[in-house]
Structures are given as structure tokens and as C-alpha cells.
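**Q** just need the structure, nothing else, for what follows:
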Amino acid sequence: MSFMRCDRSPAWAALRAHYEAAGRGFDLRQAFAAEAERFESWSFQAPEVFADLSKNRIDARALELLLQLARDCGLTAQRDAMFAGEAINLTEGRAVLHTALRAPAGEGLFGDEVQASLAAMLDFAEAVPGRGFSDVVHIGIGGSDLGPAMVVQALRAFGRPGIRLHFVSNVDGHDLAPVLRQLDPATTLFVIASKTFTTQETLANALAAKAWFLAAGGTDIAKHFVATSSNTAAAGAFGITTSFGFWDWVGGRYSLWSVIGLPIAIAVGAANFRALLAGAHAMDRHFAETPLERNLPVLLALIDVWYRNFHGFGSRSVAPYHQGLRRLPAYLQQLEMESNGKGVDREGQPLPYGTSPVVWGEAGTNGQHAYFQMLHQGTDVIPVEFIAVKTPNFGASGELAERLADQHQKLLANCLAQSQALMQGKRFDEALQEKAPTASASLDAATIARHRSFPGNRPSTTLLLDALTPRSLGALIALYEHRVFTSGALWGINSFDQWGVELGKALCNSLLPRLSSGDTAGLDGSTAGLLKKLRG
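**A** Model prediction:
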């Protein structure tokens, strides 16, 4: 199937003209003053997620043109092709069907295979506590690590008692060694996650874990090691007899819904894992069926395109105001930047416009005491995405529960205050009237006021969850997945390959023996010099 690239649509030129006429000088404060119903007009409800888009630098005309751009690029046809299982991953000739993994029984493509795989994985997960295991070490990297680690952290309130989860991904032994020091081999289960069972970092950690297990007196590899891998032969050669496989239409960064989610199921149980899938499926239906003008993943992606390609904003900060979501920014980095960090279109032609922004962030309120200074007064405008959760789940009682509830109110107030401050800013004349106790007495009031002024008009989006539950988390993750798909579809790129990670892997394999031999023949001067320093 062939689709129009965004810059070839008449709407693209119209958007450029509208940006110059009204977008470049758009002021959020003026917009709220002129539009009494702006919050209502720019707020949207999707399954489990409420979104306030009103603090974004966008008006009705820009949205109208962006929606036309989506139609010109065949967004709905591209979306439908994904759900239908067409090989939209063109460079690898594969379907993209992570949505099939969360379809209810009797629905979705490959339904019988998916349900059988899910049932086998969940049966195993349910039995783990009864087999005498107190610790589970999940060894993977990339999508095989980031998704499960993020979800297990987020759903800690739903964790089953008596089971501790540990995640090891970095080939740096400083990741694995401290984990092993906490463990008893007799009560530890290792889950090795690698579709091909050839991933360098994962296999290195797995072999080290196996060596530790045997040295500590362990004898039954088959009981204490399982694999989520389709290469059962390689897993068997390692000593693993229990493997859970999956399909080539499950990309790594979309794999937490598959058997790669085994540590999630062990941590929270089968019922909660099914609720995670159900939340994602609800968002799938929203994305597949809701008109574009009320379709939340689409609207978020359209704003992303508006900011990246017209305002020229090169990054976006994600600030989840819930400690359970502290790993979400790292997860989203891979989801978005590995998917849409591309420089050529689907036909392999160089792109004349930017694609993925840099995605980064930290949990609130920690981020406020780290990088928010730059967000408020720095020279770059960086859109911020706030995520807030209305109802906490501390699992506490008595005075502690009261104190924690009070802290949650402080957390929510901080979240609202930061988005408000980004938008409103502080004028010079306002700062001039203030008294700053810590200001230097040797500087005049006007100089201090210039330092204490904020430009404001800094855009933000706020996403609200009623509670952080398996279902709401599933919906939130799926929301981001479909948002990334939509922006990639408009940019005309393949969001589902990741050739950019391959060159470094190949060069690593050629450099590894040189660290032992010292051979620098044919290397550039810098690499040769660094190799010598490392050997010296």
C-alpha cells in the first residue's frame, strides 16, 4: 500500500502558512482570556485516561489542518492495515500485531495461538510461589526489560506477597553482582528473556548467573532457569527445558503483552495480568473506532507533529506525578525514539523534516528539584507531559494513612502548580514588586527582577488517571503505542524496524577480540588510541 507523505499534502503548506500567521506568536494566556470554554473544548476522555490539551499552543484552525493532513496521509487506512495483520513493517516483511496479544478470547488474529500461549504462561506464573521460589531474577535488555520492569514497578501495590522481582539488563557486571548477593540459589528462579537466545548482553548475564548458581551449590538448572524465547534448541543447550515462545510479529518494544510479560504475571498474578491486557484492548478499540477529532492517540500525535515540524521543538519531557511510574520515561524513550528515530521514508528517501523528538523525564516532585529550572527559564521551549493519579493506593492505615493522604494532596498540588507556572510565567513588573529574601543586597531591584522573571507561554499536556491499576496502566501504555504509530504514519516512516542499533553491535563483535590481542590495524585513530589506553 502506498500513502502520501505528510510534506506532499496541501495541508502541510497550509499549516506552514498558518504557523507563520498565527502559530508562531500564539500565546496561551491570551487564548484562555479569549476562549472561556477552552478547557472544555480541549479536554478529551479515552478509556481510563482523561487528557487536558488546553495548555498547548494550538488553535482550532491548526487542529483542522492537522486532521486534514492525517486524512491525506491515509491514517485510517494505515491503522486498519495494522489491525488486519498486513505486513506494515515493510523492511522486514512482517505484520505488527501486538494488539492481537490483548484481544479477548474469540477475537483478534491468531486468537487460538495467542490464548494458548497466554494460558501456558499464566499457569506457570501462578504456580511459582508454590514451587518454593521467593526471588525471581529477570534477565533481558531493551524491550525485553524496559516494559516488564516498568510495569512491575508501577503495579507494586498489586504484588503477590512472598515474591521479590529483580531486573538485570546491563552487560556491566555491576548490574548483576549486587542482585546475586541478595539471593539464595535454592529459592531463586531465573527468567532469561531473548527471542533468539543470542542477545549478547542477555546471554552474558545468563551465563554468569548460571555460574553463580552452580558455584553456590545449585544443581537443577531445569527447575531454576526458564526462558521466554522462540529458540528452544539454544535454550535447551543452556540447560533450560521450559521455554515460552512468541512470534515475529511481536516487536521487542511491544512485547510486554506477550510471554515476555512473565515476570509481570509472576509479580501480580494472572487476574491482574489479564486486567492489564483488558485496559490495553479498550484503548485499542478507542483508537480503531473513535472519529479522528476525538481520538486521543491521534490528537496527541497531531500535536507532536505540530510541535516538531512547525514550532521546531526538539524534545518533550514526561513528568509522571506518581512514584510508581518513575520508570515510564525510560520505557517511552525506547518506544518513541527507537520507533520514530528514522531519517528516511518508507521508500528509503531522505526526509526533509524532523521525526522523533528526544523524550526524557523524571518522576515528580523529584524533577522539580533537578531540571524544571530549565523548563521555566531556559532558552529552549520544551513541551511537558504531566501524568497525575487522582486516588493513591498506599496500603496503609491509621495515622500513617492520614499522613500519606496529605502528602498525595501536596503531590497533586505541585503537579497543577507546575503546569500553571509554565503557562503563566511571571512578568518583569510583577517580579519588581516582590521581595526576594535571598537576593543579593548589592544588586539593584531591576536586575534582580530580570533574573526572577519567567517568560511563560510554555506548553504542557496533563493526563489524569482515576487510579493506577492494571487496567488503567494497560490503557495508558497502549495510548502511547498508538500515538507513536500515528506520528510515524504521518511522517511516512517505518516505525517498526530498528536498524540503527545493528551497526554498533557488529562493530562491538569485531572490537571484542582486539581488547585481548591489542590489534589496532585498520582502526581510526581515536578508537585505536582508546583501545590502547584500556589495555594499558
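
**Q** Three-state assignment for Phe386, please.
**A** Recorded secondary structure, Phe386: strand (DSSP: H, G, I helix; E, B strand; the rest coil).

**Q** contacting residues around it?
**A** Ala319, Pro320, Tyr321, Gly364, Cys415, Gln418, Ser419, Ser460, Thr461, Thr462, Leu463 (CB atoms under 8 Å, 6 or more residues apart in numbering). Quick note: C-beta positions are derived from backbone N, CA and C, even for glycine.

**Q** would you tell me which one of those residues comes nearest to Arg156?
**A** Checking those against Arg156 by CB to CB gives Pro320 as the nearest, at 14.3 Å.

**Q** need the contact list for the closest residue to that closest one other than its chain neighbours.
**A** Among residues not flanking Pro320 along the chain, Ile387 sits closest, at 4.1 Å (CB to CB, 6 or more residues apart in numbering). Listed by CB under 8 Å, 6+ apart, the contact partners of Ile387 are Val318, Ala319, Pro320, Tyr321, His322, Leu325, Leu328, Thr462, Leu463, Leu464, Leu465, Leu476.

**Q** what is the mean pLDDT for the host helix or strand of the second one?
**A** Assigned by DSSP states H and E, Ala319 belongs to strand 315-321. Regarding strand 315-321, the rounded mean pLDDT is 98.

**Q** pull out the buried positions in stretch 508-528.
**A** Under the neighbour-count criterion of 16 or more other CB atoms under 10 Å, stretch 508-528 has Arg514, Thr520 buried.

**Q** can you check stretch 53-69 too?
**A** The neighbour-count check on stretch 53-69 (16+ other CB under 10 Å) flags 53-59, 62-63, 65-69 as buried.

**Q** between all of those residues, which two are separated the most?
**A** For the buried residues of stretch 53-69, the maximum inter-member distance is 23.9 Å, found between Lys55 and Gln68 (CB to CB).

**Q** please enumerate the strands of this structure.
**A** Secondary structure of the chain (DSSP state E): strands at 43-46, 49-52, 135-139, 164-168, 188-193, 225-228, 315-321, 358-361, 384-391, 460-467.

**Q** packing partners for the second one?
**A** This points to strand 49-52. Other elements packing on strand 49-52 under the criterion 3 or more CB pairs under 8 Å, 6 or more residues apart in numbering; DSSP states H and E are strand 43-46, helix 296-306, strand 460-467, helix 470-491.

**Q** distance from the chain centre to that strand, please.
**A** Mean-position distance between strand 49-52 and its chain equals 17 Å (CA atoms, centre = their mean, to the nearest Å).

**Q** swap in the first one?
**A** Distance of strand 43-46 from its chain centroid, counting by CA atoms, centre = their mean, is 20 Å.

**Q** which residues touch that strand?
**A** Strand 43-46 is contacted by residues 50-54, 283, 286, 290, 294, 296-297, 299, 475, 479 when judged by CB under 8 Å, 6+ apart.

**Q** dump the strands of the chain to JSON lines, plus distance to Ala120.
**A** Output for the strands of the chain, formatted as JSON lines (distance: least, CB to CB, whole Å):
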{"stretch": "strand 43-46", "distance to Ala120": "32"}
{"stretch": "strand 49-52", "distance to Ala120": "31"}
{"stretch": "strand 135-139", "distance to Ala120": "17"}
{"stretch": "strand 164-168", "distance to Ala120": "20"}
{"stretch": "strand 188-193", "distance to Ala120": "14"}
{"stretch": "strand 225-228", "distance to Ala120": "11"}
{"stretch": "strand 315-321", "distance to Ala120": "33"}
{"stretch": "strand 358-361", "distance to Ala120": "35"}
{"stretch": "strand 384-391", "distance to Ala120": "33"}
{"stretch": "strand 460-467", "distance to Ala120": "30"}
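
**Q** tally of neighbours for the closest residue to Lys505 other than its chain neighbours?
**A** Spatial nearest neighbour of Lys505, chain neighbours left out: Gln200 (7.1 Å); criterion: CB to CB, 6+ apart. Around Gln200 there are 14 other residues, counting by other CB atoms under 10 Å.

**Q** and the spatially most central residue of the chain, how far from Ala116?
**A** Per CA atoms, centre = their mean, the C-alpha nearest to the average position across the chain is that of Leu332, at 1.8 Å. Leu332 sits 31 Å away from Ala116, taking CB to CB, to the nearest Å as the criterion.

**Q** same check on Leu325?
**A** For Leu325 relative to Ala116 (CB to CB), the value is 32 Å.

**Q** the more surrounded of these two?
**A** Shown here are Leu325 and Ala116; by other CB under 10 Å, Leu325 has more neighbours (24 against 11).

**Q** so that one touches Leu155, yeah?
**A** No: at 10.4 Å, Leu325 and Leu155 do not qualify as touching, with contact defined as CB atoms under 8 Å.

**Q** overlap in contacts, those two.
**A** Overlap of the contact sets of Leu325 and Leu155 (by CB under 8 Å, 6+ apart) consists of Leu468.

**Q** might you report the residue contacts of the residue lying closest to Asp175 once chain neighbours are set aside?
**A** The shortest distance from Asp175 to any non-neighbouring residue, by CB to CB, 6+ apart, is to Val168 (5.3 Å). Counting by CB under 8 Å, 6+ apart, Val168 makes contact with Val137, His138, Ile139, Asp175, Leu176, Val179, Asn205, Ala209.

**Q** neighbours of the second one, how many?
**A** So the one you mean is His138. 26.

**Q** what sits against it?
**A** Counting by CB under 8 Å, 6+ apart, His138 has contacts Asp145, Pro148, Ala149, Leu165, His166, Phe167, Val168, Val191, Ala193, Leu262, Pro263.

**Q** so which two of those are the farthest from each other?
**A** In these, two members sit farther apart than any others by CB to CB. They are Val168 and Leu262, at 14.8 Å.
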